[in-house]
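Q: Just the structure for this:
(one chain, ligands or ions: 2)
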Amino acid sequence: MKLYNSATRRIEDFVPLVAGKVSMYCCGPTVYNYAHIGNFRAYLFEDVLRRTLAQIGFAVTHVMNVTDVGHLSGDGDDGEDKMEKGAREQGKTVWDIARFFTEAFFSDSKRLNILRPGTVAHATEHIPQMIRLIERLQDRGMTYQAGGNVYFDTSRFPAYGKMALLDRQEAPAVSRVDLDAGKKNPRDFVLWFTSSKFGGQTMVWDSPWGRGYPGWHIECSAMSIHHLGERFDIHCGGIDHIPVHHTNEIAQSEGALGHSWVNYWLHNEFLLTGKDKMSKSSGDFLTIQLLSDKGYDPLDYRYFCFGAHYRSALSFSWEALDGARNARRNLTDKVAEWKAMGSLSAVSAASQHHIDNWLAALANDLASPSALASLWALVKDPKVSPGEKLSCLYRMDEVLGLGLADFEAPSSPVVPDEVLRLATERTEVRRAKNFARSDEIRDELKAKGWTVVDTPSGPRLNKL
Ligand code: AMP
Ligand code: ZN
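A: Ligands and ions are numbered 1, 2, ... in the order given. The predicted model follows:
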């Protein structure tokens, strides 16, 4: 297995700390809003990584955190508490907000066939571990207190910012109003807050420094060390985490432990809308439910993401998603046709090379576009029998996760534009609770020879 390591900026052979085992930590969602499809690009990449490692034969321990304690809207201690803001806007408690969006996150993940991490670590359940880690840093003289908060002193960690090639003295991009007067160095960051300029925090805990709440970065250090140990193999996240979050995680963890911590840092590139990364704070983002409301299967998006390498930026467009939907339907149509023809056949030399190419592509830093090319080479190979193709596809689907083995019915027939338009209108009027119009549309659809059924993954059109 070869992986690109952000820490060394090279593709490296993957050598785990313990033969045959992989320990992997992924930064999870902050549950104050729905995760958008850009976030899910990160979780899909991590899912393929985990499934590929398992396919190669490693036993994978996969840990992901859920940030259910408020973290500030800027990565560098600036901005407002995201959870408190969400709660205020929606007239709920922060605990309600966290519970609701955690459930929404796992329900969307399931629709995308993302395997649930073996351990899901909630920040609110690991406050003692965070406090202990801050105490370790304090014992090593790497913290200071100012204005009621505890800060990490970056001047005490000479390797600060090595992965991101940062200059410790250079000020991070924080607006003047957000500058924190307590910091000795602009890159120092808060480990424990007892005072915030946004008062009235409801999620607070007792600590040796007073009642308060942890900084965001300390969460991931404390929880990953708690669940995976003081050294582990892989840490993942999106590239936006390199300059602040992961840089600070490394400083705190290595600062407290006194030795190196994570061997491989893997980062996915962004999903873009236009020229910019899709982001929650901009408000301009798409959710899995929205794709489903527009008649897409969440797995169309899964397929769409595999069409680009995880380290390349990927531009979202409806046309490109249509392309992925068509490709996935072509595949599921073939699978349906071959399933109808009868039994599976054993993999022979005629098809083994397709499997080998597919796995070699994935083992080469998760080259998913090449892996898909191997899949289509198999599908189109006239020398391989349908039964054998199915056996190979099921194997490939252990990583691809398109549910091919469970897939029963032939995929839906081509839906005329007018029918699609009516179905979309029906979804919209139902949301506006205009059931009279919704019933009218149902009749119009019937007259055109279509029925619409509401399923957990959205409305489904069937030919009468
Ligand atoms: P957040 O909830 O903002 O911490 O983001 C969750 C995960 O999604 C992190 O690994 C981010 O780096 C990643 N992420 C955020 N925005 C995007 C995007 N537009 N494209 C791909 N990954 C993203
Ligand atoms: Zn993290």
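Q: how about the residues of the stretch 101-250 of the chain near ligand 2?
A: Contacts of the stretch 101-250 of the chain with ligand 2, taken as Cβ under 5 Å from the ion, map to C220. Every residue, glycine included, has its C-beta placed from N, CA and C.
Q: pLDDT weak spots in the stretch 1-150 of the chain?
A: Applying pLDDT under 70 to the stretch 1-150 of the chain picks out residues 70-80, 83.
Q: For it, just list every one of the strands.
A: Along the stretch 1-150 of the chain, counting by DSSP state E, counting those that start in this stretch, strands occupy 2-5, 10-13, 21-26, 59-66, 119-122, 143-146, 149-152.
Q: for the second one, packing partners?
A: The contact analysis (3 or more Cβ pairs under 8 Å, 6 or more residues apart in numbering; DSSP states H and E) places strand 10-13 against strand 2-5.
Q: Touching the strand it packs on from outside, list them.
A: Applying Cβ atoms under 8 Å, 6 or more residues apart in numbering, the contact partners of strand 2-5 are 10-14, 234, 263-266, 311, 363-366.
Q: Please state the offset of that strand from the chain centre?
A: Remark: strand 2-5 is offset 19 Å from the chain centroid, using Cα atoms, centre = their mean, to the nearest Å.
Q: how about the helices in the stretch 151-300 of the chain?
A: For the stretch 151-300 of the chain, applying DSSP state H, counting those that start in this stretch gives helices covering 216-228, 247-257, 288-293, 298-306.
Q: can you tell which of the ones you listed is closest to Q55?
A: The closest of these to Q55 is helix 298-306. By Cβ to Cβ, the value is 14.7 Å.
Q: Partner strands of the following helix or strand past the closest one, with direction?
A: Of the helices and strands lying after helix 298-306 in sequence (DSSP states H and E), the nearest is strand 314-315. Under the criterion DSSP bridges, strand 314-315 sits next to strand 271-273 (parallel) in its sheet.
Q: quick one: the strand it pairs with near ligand 1?
A: Yes: counting by Cβ under 6 Å from any ligand atom, ligand 1 has neighbours in strand 271-273: L271.
Q: buried residues in that strand?
A: Residues of strand 271-273 classed as buried by neighbour count (16 or more other Cβ atoms under 10 Å): L271, T273.
Q: What lies in contact with that strand?
A: Outside strand 271-273, the residues within contact range by Cβ under 8 Å, 6+ apart are 37-38, 41, 277-278, 284-286, 305, 313-316.
Q: returning to what we had before: what would the strands of the stretch 1-150 of the chain look like in a markdown table with mean neighbour count?
A: Converted to a markdown table, the strands of the stretch 1-150 of the chain look like this (neighbours: other Cβ atoms under 10 Å):
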| stretch | mean neighbour count |
| --- | --- |
| strand 2-5 | 19 |
| strand 10-13 | 11 |
| strand 21-26 | 23 |
| strand 59-66 | 21 |
| strand 119-122 | 17 |
| strand 143-146 | 18 |
| strand 149-152 | 25 |
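Q: Right, and ligand 1 sits closest to which residue of the protein?
A: G238 (2.0 Å; Cβ to the nearest ligand atom).
Q: Now that residue. Nearest residue, chain neighbours left out?
A: Closest residue to G238 apart from its sequence neighbours, by Cβ to Cβ, 6 or more residues apart in numbering: A42 at 4.7 Å.
Q: my read: the one you found touches I239, true?
A: No: taking contacts as Cβ atoms under 8 Å, A42 lies outside contact range of I239: 9.5 Å.
Q: okay, the two: which has more neighbours?
A: Neighbours were counted for A42 and for I239 using other Cβ atoms under 10 Å; A42 has more, 27 against 17.
Q: ok, L17 to ligand 2 distance?
A: Going from L17 to ligand 2 by Cβ to the ion, to the nearest Å gives 20 Å.
Q: That residue and A336, how far apart?
A: Using Cβ to Cβ, to the nearest Å, L17 is found at 44 Å from A336.
Q: hey, what's in contact with both of A42 and I239?
A: Listed as contacting both A42 and I239 by Cβ under 8 Å, 6+ apart are N268.
Q: and this protein, which residues reach ligand 1?
A: Within the chain, the positions lying close to ligand 1 (Cβ under 6 Å from any ligand atom) are 27, 29-30, 38-39, 41-42, 237-238, 240-241, 268, 270-271, 277-279.
Q: burial of the nearest residue in space to V429 that is not next to it in sequence, as a residue count?
A: Nearest non-adjacent residue to V429, counting by Cβ to Cβ, 6+ apart: R437, 4.5 Å away. R437: 14 surrounding residues under other Cβ under 10 Å.
Q: Tell me if I'm right that R437 and E428 touch.
A: No: at 9.4 Å, R437 does not count as touching E428 under the criterion of Cβ under 8 Å.
Q: Tell me how this structure divides into domains.
A: 16-268, 273-400, 417-463 (automatic domain parsing).
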